[in-house]
Structures are given as C-alpha cells and as structure tokens.
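Attaching a predicted model along with its sequence, questions to come.
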Number of protein chains: 2
Amino acid sequence: MDLDIPLDRSAPTLLPQQIARGVIDLIVSGAVPRGAALPASRALADHLGVGRLTVVEAYRWLAEQGYVAARRGSKTIVQDVGAAPSLPATAIAPTPAKESDKAAIDFRPGRPDLDAFPRRRWTALQVQASRTLPAGAFDYGEPFGHPPLRRSIAAYLQRSRGLTVPPERIVITAGNGQGVDLILRALPDHRELVCEAPGHLALSRLPDIHSIRRIRTPVDAEGLVTDGLPPADGVRRLALVTPSHQFPTGVMMSVERRRALINWAQQTDAMILEDDYDSEFAYDGRPAVPLAKLDRTGRVIYMGTFSKTLAPGLRLGFMVAPEPMLERLAALKWWVDWGGGVLQQAALATWIDNGGFEKHLQRMRRLYRERCSLLTAALSEALGSRVRFLDVSAGMHFTALLRSPFDAEEIARRAEADGVRLHPLVGTAPGQAQDEAAFVLGFGDLSAAQIVAGAQVLALHAAG
Amino acid sequence: MDLDIPLDRSAPTLLPQQIARGVIDLIVSGAVPRGAALPASRALADHLGVGRLTVVEAYRWLAEQGYVAARRGSKTIVQDVGAAPSLPATAIAPTPAKESDKAAIDFRPGRPDLDAFPRRRWTALQVQASRTLPAGAFDYGEPFGHPPLRRSIAAYLQRSRGLTVPPERIVITAGNGQGVDLILRALPDHRELVCEAPGHLALSRLPDIHSIRRIRTPVDAEGLVTDGLPPADGVRRLALVTPSHQFPTGVMMSVERRRALINWAQQTDAMILEDDYDSEFAYDGRPAVPLAKLDRTGRVIYMGTFSKTLAPGLRLGFMVAPEPMLERLAALKWWVDWGGGVLQQAALATWIDNGGFEKHLQRMRRLYRERCSLLTAALSEALGSRVRFLDVSAGMHFTALLRSPFDAEEIARRAEADGVRLHPLVGTAPGQAQDEAAFVLGFGDLSAAQIVAGAQVLALHAAG
C-alpha cells in the first residue's frame, strides 16, 4: 500500500506532523481500514521523498495517539479509533443521548490528560517520601503546608515566571477554589468582586457562601477592560483575573491593561487575585509578565495550581500572599486543612527539586500543542473561513467562533445526539458577530482520534 | 544476675507487664546499669516461678519500648534510656530551658505515636491505589470525597459505633478543624457556640474568623452540665461537645446528660456537633452511645478523625451530616478542597475494607493502654495519695490532680528546666480542690522510658 500524502515544505507545520495528519485523514475517511498495516517507514519515506526518521517520528506520534499500534516484526497496524472512522450523522444514527449518558467525546475545558499523569513516577516519589520523612513530618504541621515544598515552589516561580518571592509567602492550597475561598475570607472588608465576563461559571456561586457582590466586567481582545472599573468611592474591591490566558476566551491581557489594572487597584485601594491556572502551557513563548511581578505595592495575590499540570484529583495548588495577609491566612488555614497532607507535598517537592516536574511540563506542553494544532486544523479544514479562533497559543482549550444558521445551544444539542458534548460560551466573546456561535473547546484529555471525530461532528452540525 | 521482681498474681495487671515494670524500676533506679545483660528468659522464669513465655513477652515489650535490645546469642542488653536512668534534679542540673528548645519529654496531649504509624503498609496501600484506580479517579471528584471511602466509613461506623448512616451523608474532611469550620459556615444563623469549659483551647480563636459568640459551659464528672444551658429565646445555637472522652478532662458524658442535651437542642432549636476524636481508644469497653445514635431529630452532626488513629500529617477526617445540611456543605466543600486528594482516600478505603485498619486500632489500643497504666502507676508510686486521676479509661491523655504547695504553672516552669514539658489544665477540673494542681498529660507519643522519667520529674517538682 502506498499512502499519498500531500506535503507542504513551506508550511510551518513540521513534516512528521503533516505525515501523521495525512495518515489520520486516510484512516478517518476509511481509505485505510482498521487492521491494515501501514507501509514500512523506509518504504513510505522513499515514496514521499523524506528521511526515514521523519516517518518514524510520524508513526511514533500516531501510536501515542492510539491510531496505530506497532507489532512485532515492525508492522504498524491501524487501530479502531472509536467514533472516528465513519463520520457520524444524525440522519443515519439518530440515537437520542440520555441525560445519564457520558458523551463519548467531551470538549469540557479544564481537564488535563489523566492518562498522561505519570502515576508510576508519582507513586515512586511518594514511596521515597514515606521512607525518608522523619516521624515528626506526620505530626500536625505548618498551616501553610510542608516547608520544603514551599521552598521548591519559590525556586520554581523564580525560574519559570521570574517571580522572586520568599517561601514564607507561599501558601499551599487544595487548588485554586480553596485559594479564592481563603482570600475572600481573609479580606472580609472587600465587599465587591470584579470578575471577568465571560468568566468562570463557578464564580456565580460565590455569593451563596460569601457576602460579596459580583461586578461583571467585559473582556476584549486585550483582556479585562479596565476603563469602566469602578472609581475610588470608599468601597473596597477584589479583582479576580486570569491575565495569562483568560478563562474561557483564551486571550492574553496586554501589558497596558496590566499596568492599568494595577494603577486602578492603587487608586481605589483594591486587591487583585491573579489566577495563573495554566500558564505552564504557553506555546509561543508568550512574554506575559505576571501582575505579581509588575506590582510594587503588595496588591496582587498570585495563585497557581497543579490540577492542570498534574491531576485535579491530587488537590494541590498554591498562592503567593502579600505579607500583611499572612497572619489572617494562617489562622484560616489552621482550621481549613492545617496545611494539607504531607506525603504528596513531600513527593512534589522532590520532583520539582530534581527537575522531573519541569521535564513533565515540557512533555505535556508538546502534547497539548499538538492537540491544539490538530483541533484548529480539523475545524479549519471542515469549515474554512466560517470558523475562527480567539487565541490558540496556550493552554488546553480555546474559544472557537463559527458562522452558523444555528445558535450554539442548538448545535450542542445536535452534537450531543452524536456522542459529542460541546460547551457553548456563556456570554459574548470579544468581537463575536451576531451570526457566530461561540464554543469553549477543551482538548486536554482527548486523543487525536477523538479530536478529529469531534471536530467533524461540530462542523457537520454548525454547517446545518 | 538475678532480678528480684515482686509479682502479684491477684492484681489485674498481667504478669508480663508486671515483670516489665519491675525491670524498668531496676533500670531507672540504676540497679541494672546500661549495657548490662538481663538474665536469659529461662533463668528469670525459673527464678520468678513463671512460664518462660511470660518473660519472653515482657522482654519483647521492653525491647519495643527501647529499654533493652536483643543481641545475637539471645542476650538482652539494657539500653541508654535518655533522661530516665538518673533522676534529674534542678539542684544538680539547673539548665534553663530556652524558648526554642524542644523539651526532651513533652506531655502535650493529642499527638499519637508517630513511630507506630505503619508507613510501609500505608505506602503499599497507596501504591496499590495508584495502580488500580481508573484514570477518571484523578479528575475533579465529588465534593464530599472519594465515594468508596465514604462507603467504607459508613460500614465501619456501623461496626464500631452502632451508627447506621448512608454513605451519602458522610463528608470526608481534612480533619476535625475543617469539620468545625465547615459546620459554622453551613449554619450562619447559629450565632452562639456552646463550648465545654475546660475545653479545647483552639476554640477561643474561632470568633476571629466566625461571627459567633462562645458560651463557655462547665463540665463536671458527668460531662457538660446541661442544667444551665440557655433557654429557648429565639437565638439559634450550636453545641460543640466531646461526649465520649471530654477534652481535656477525659470524663465521659453520662447517658442522662446525653439525653438532656438532645432534649435541650430540640426545645431550643439548637444543633449539636459531636466531636468523637478518640473514641477508638476506650480501654474499658465503655458503653458510650454516640449522641448521633440517640438523636432522632437530625440535630446531631457526628465528627471523627484519622489524626489520632493514623497520623495528623495525613489530614483525614469525616463528618456525618444531617440530610438538610448536605446541599450547603457540598457548595462549601466544592470551594474548600473539592473532596480532597484521591490517593490517600482510596488507600484508606481499601485498608478499612480488608480489616487492616481495625487490626491497627487493636494494636494501638493495647499500646496506649499500656502507656496509660504505666503513667498512672509511676505517678501513684511517686506521689501516693497526693495524686488522683479524673478518668483513665480511654484515649491518649488524662487529667491528673496533684496536691502541691506550688501551682501548676510553677511546677511546669521547673519541670521545663529538667527537659520535661507539662501542660497545666486551663480552667478548673471537675472537683478540683484549691491545693490541687491540674495537668493534662498526653502520653500517646512517649516511650515507656520517657513516661517513667517524666512522671518522676513531675512528682519531684510537685512535691516541692
């Protein structure tokens, strides 16, 4: 079998990726059936006029993504790629999705690849921690968490974000939800919360448990619009922002807006909570300087999480709190979790210190970047100029705008019946036109096959 | 060497324990010096007229406690027992303790034996969990925690406390501090907190973070005095009690008082938070029926912890919440820790299910009971009728009342200079006389040698 794969040597996409995508197209279209053996790498390389290692790399990637499996005797066999092989169409398979059914392909944002979480390594680190920690480490600990981890995170922030902070200001949390909750409790005089719109839906639930009023503030292509922020009027406010990669639109806050936000905080005696939930996955070397680095007056609380870089089920995150808040935060943390469990924290400290964590980040960055490219390519191929993307240079999700005769909810309903769960953007995306449907597309835990199949279902129902 | 150890075959203390204590007395008094070899078990058994296995058991216990070490050739060598061998006296060694010095022997209550925490077993359970959990378990989980653990705890409560509760009402916490904090947040209309006096000192810090007024309510030999509780007056109250083993006095709440407390709650529309922090360590098969079992009207929130039974550094506990509170608790838990880390919870669930956890409890119960007996025996021997104990039938601490010319703070100051940290009871113990000094003596993490030496220092300074 010869595979005819068009290659474009002037395209920014690397040749192994072009080859892999060509093979996927052939698999998905049915031209190469399940169980078939792909040509030997040498043969395909000769056929395409590329080096053999280029094809080896493409096959390796296809195998990682589950499209093919390498067999003994160096045969590379096409696998069953689930929903992908034949394009699902409501006309053919109008199976109504039940509420209880889990959609086969879920574009829910915020979920990392759980299969890529290096469990064996993590377990080994915990075993090591369990063997080497002194007995006293299993006693009641420090309210802000295991001191070695706080030191490791301080050093990591210096390396990765250029933030210079003493470990004493690092507070280990059970994730960014705890961070938000703690900060609101630690700032009881701050009665208004400036939030991004569109923003994280969970924030609408905050007034249930905190006596705080939300001020929904629009986001445009430069991030939070700072012009309309409330003036100094004696009301103390907290602004909760995601400047590195706005959730959910994906836009990055411009440096001008960053400065404007900090100036506003100084002038109105406000505080800023900088939620840097996935800046580890920037694909363009984006120069985003954290607000916490621009701030010189102690108004920014910086917050990071290991839910995206490792796994949400570990419940590990951290904050960098301004000095004056530490006493109150310690009093709260004492009650809330007394610094959290020591074993995981010791394991993570070791992993950060020995460089393993940052190697893992590199690997995940590559993986997510590939998935991101694949999803944009699949949508662009299917929808052409009818689809555009707000920002696809970071993270595990982006916002796509599709010109469609249907609104986003209608498209999502139809896709659900084909086993694809879509998440319409709640609110309006920056620059969104009347005839555009906006979706937040999370691809962190989707295989390449799922991404391609899901994109095709989305395109099918958006086209109408 | 023949060891003359008086044995009392009619005493309730088992013969191996009597022998072990006799050996300790000889070591502590200097009659048997460090480095000496104890008689072979056969020889001592013949000398004392007991079976050889009785002596073997005594030696095994002495070795576990660090008094002796078994050498090749079956020699049993007396070890250096730190502060114990020679009785420290301020006149001889008036080393002033620095604030930063950690006292060699600390009777701080509430700390379990951290060396006895079965790390290897715990690690193996985590490895197993890590190998067998589905990838989805590492995703964002349920706000109340890992469902299998909630099922395991429900079954355990049925077996151990006779409590029948559905797993849906079990809320995994990061320990009882989180439990108290969550409940106060979930009951914002409850503006007064009925607490025990004496009680846990940390409760005095609650008004810093909750707008709640404390009503300190006396404790007598039957537990919380219910007669003086506030009447129905429209104010909603939460009573926080430790009925199984009052902290810190150690008394158990009588059944009459339990019923009276529940009646009061019904009549005044109050809630009760039952903190059952160490009921696993009851030495007399005490019949304490949990308030949660007596209650028929959903007014009792039951709270337990693994900080005492496993280790505080794991941060694991649970609550059994009444049905009407579940929705609000779930909203809070979502923010606070989203149900906590999955690996430890999965490990604990397996351990409870396979019976290992309850075997561990048996072992720890034996260990703490021995330490408890040893401490009371050492104090009684040194102080005779000048010392009495409020309740020594459960837990890892008790309250001792010593007739002394000095007050408790003065005795503690002097003992500190001898490397022994004492914790005077804050407040007045039930029945405490004017000339009695009251100490809360925690022995959970003290070796037998430390217990004996510490008791002697306490006795020395109390005697004046």
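Arrived safely.

Mind listing what's buried along stretch A:143-162?
A:143-154, A:156-157, A:161 (16 or more other Cβ atoms under 10 Å in any protein chain shown). Bear in mind the C-beta positions are built from the backbone N, C-alpha and C, glycine included.

Kindly report the residues of the stretch 151-300 of chain A close to chain B.
Contact residues (Cβ under 8 Å from any Cβ of the partner chain) of the stretch 151-300 of chain A with chain B: A:174-175, A:177-178, A:180-181, A:185, A:202, A:205, A:208-209.

Out of the buried residues of stretch A:143-162, flag the one nearest to A:Gly228.
Using Cβ to Cβ, A:Arg161 comes nearest to A:Gly228 of the buried residues of stretch A:143-162, at 28.8 Å.

Quick check: A:Pro243 touching A:Glu274?
Yes. Here A:Pro243 lies in contact with A:Glu274, judged by Cβ atoms under 8 Å, at a distance of 6.2 Å.

which residues do these two both contact?
Contact criterion Cβ atoms under 8 Å, 6 or more residues apart in numbering or on different chains; residues bridging A:Pro243 and A:Glu274 by contacting each: A:290-291.

picking that back up, just the buried residues of the residues of the stretch 151-300 of chain A next to chain B.
Using 16+ other Cβ under 10 Å as the burial test, these include A:174-175, A:177-178, A:180-181, A:185, A:209 as buried.

In helices, which of those fall?
Residues of these located in helices (DSSP state H): A:177-178, A:180-181, A:185, A:209.

Export the buried ones among the residues of the stretch 151-300 of chain A next to chain B to a markdown table and append columns for distance to B:Ala135.
Shown next, in a markdown table, are those (distance: Cβ to Cβ, whole Å):
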| residue | distance to B:Ala135 |
| --- | --- |
| A:Ala174 | 21 |
| A:Gly175 | 19 |
| A:Gly177 | 22 |
| A:Gln178 | 24 |
| A:Val180 | 27 |
| A:Asp181 | 28 |
| A:Arg185 | 34 |
| A:Ile209 | 31 |
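
Redo those residues as CSV? Include pLDDT.
Below are those laid out as CSV (pLDDT from 0 to 100):
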residue, pLDDT
A:Ala174, 98
A:Gly175, 97
A:Gly177, 96
A:Gln178, 98
A:Val180, 97
A:Asp181, 98
A:Arg185, 97
A:Ile209, 92
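
Among these, pick out the one closest to A:Gly35, please.
Distance to A:Gly35, by Cβ to Cβ, is smallest for A:Gly175 among those, at 43.5 Å.

Could you pull up phi and psi at that closest one?
Reported as degrees, to the nearest 10, the phi and psi values for A:Gly175 are phi 120, psi 170.

right, and it touches A:Thr305 too?
Yes. Taking Cβ under 8 Å as the definition, A:Gly175 is a contact partner of A:Thr305 at 5.6 Å.

so what sits against both of these two?
A:316-317.

Give me the below-cutoff pLDDT ranges for chain A.
For chain A, the stretches with pLDDT under 70 are A:10-13, A:28-30, A:64-66, A:72-74, A:80-102, A:285-287.

Go through it and flag its longest helix.
Chain A, longest helix under DSSP H: helix A:356-383.

what's next to the helix or strand just after that one, contact-wise?
Using DSSP states H and E, the next helix or strand after helix A:356-383 towards the C-terminus is strand A:387-389. The contact list for strand A:387-389, computed with Cβ under 8 Å, 6+ apart, reads A:376, A:379-380, A:398-403, A:459, A:462.

Now intersect those with the helices, please.
A:376, A:379-380, A:459, A:462.

what about the longest helix of chain A, near chain B?
No. On the criterion Cβ under 8 Å from any Cβ, helix A:356-383 is out of touch with chain B, staying 14.0 Å away.

any idea how far the most centrally placed residue in chain A lies from A:Pro312?
When Cα atoms, centre = their mean is applied to chain A, the residue found nearest the centroid is A:Met396 (3.2 Å). The gap separating A:Met396 from A:Pro312 is 12 Å, by Cβ to Cβ, to the nearest Å.

Overlap in contacts, the two.
Shared contacts of A:Met396 and A:Pro312, counting by Cβ under 8 Å, 6+ apart, come down to A:111-112.

A:Arg214 contacts A:Leu206, doesn't it?
Yes. With contact defined as Cβ under 8 Å, A:Arg214 and A:Leu206 form a contacting pair (7.0 Å).

which of the two has more neighbours?
Each of A:Arg214 and A:Leu206 has its neighbours counted (other Cβ atoms under 10 Å in any protein chain shown); A:Leu206 has more, 19 against 16.

where does that one sit relative to B:Thr173, distance-wise?
In terms of Cβ to Cβ, A:Leu206 sits 21 Å off from B:Thr173.

Buried residues of stretch A:227-244, list them for me.
A:229, A:235, A:237-244.

Work out the gap between that stretch and the centre of the chain.
Counting by Cα atoms, centre = their mean, to the nearest Å, stretch A:227-244 is centred 25 Å from the centre of its parent chain.

Ends of that stretch, what's the gap?
Length of stretch A:227-244, first residue to last, Cα to Cα, to the nearest Å: 19 Å.

now swap in stretch A:103-111 and tell me
Start-to-end span of stretch A:103-111 (Cα to Cα) is 15 Å.

ok, and does that stretch reach over to chain B?
Yes. Stretch A:103-111 comes into contact with chain B (Cβ under 8 Å from any Cβ), by way of A:Arg111.

again, but for stretch A:310-320
Yes. Contact of stretch A:310-320 with chain B (Cβ under 8 Å from any Cβ) involves A:311-316.

Return the member of these nearest to B:Lys333.
Of the residues of stretch A:310-320 next to chain B, the one sitting nearest to B:Lys333 (Cβ to Cβ) turns out to be A:Arg315, at 11.3 Å.

Roughly how far does the closest one sit from B:Arg403?
From A:Arg315 across to B:Arg403, the span is 51 Å (Cβ to Cβ).

And these two? Which one has more around it.
A:Arg315 (28 against 16).

dump the residue contacts of that one.
Applying Cβ under 8 Å, 6+ apart, one finds that A:Arg315 lies in contact with A:174-175, A:307, A:340, B:337-341.

same deal with A:Glu323?
A:169, A:298.

make it 10 Å
Going by Cβ atoms under 10 Å, 6 or more residues apart in numbering or on different chains, A:Glu323 touches A:166, A:168-169, A:298.

how far away is the residue nearest to the centre of chain A from B:Leu383?
67 Å.

Next: A:Gly228.
75 Å.

A:Ala330 too?
Distance of A:Ala330 to B:Leu383, given as Cβ to Cβ: 40 Å.

Pick out whichever of the two has more residues nearby.
B:Leu383 (20 against 16).

Check whether the more buried one really touches B:Glu436, as I assumed.
No. Contact criterion Cβ atoms under 10 Å: B:Leu383 and B:Glu436 do not qualify, at 11.6 Å.

can you list residues touching both of those two?
Both B:Leu383 and B:Glu436 are in contact with B:400, B:402-404, B:462, where contact means Cβ under 10 Å, 6+ apart.

Reformat the residues you listed as JSON lines; add distance to B:Leu446.
Output for those, formatted as JSON lines (distance: Cβ to Cβ, whole Å):
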{"residue": "B:Ala400", "distance to B:Leu446": "14"}
{"residue": "B:Leu402", "distance to B:Leu446": "18"}
{"residue": "B:Arg403", "distance to B:Leu446": "24"}
{"residue": "B:Ser404", "distance to B:Leu446": "22"}
{"residue": "B:Ala462", "distance to B:Leu446": "18"}
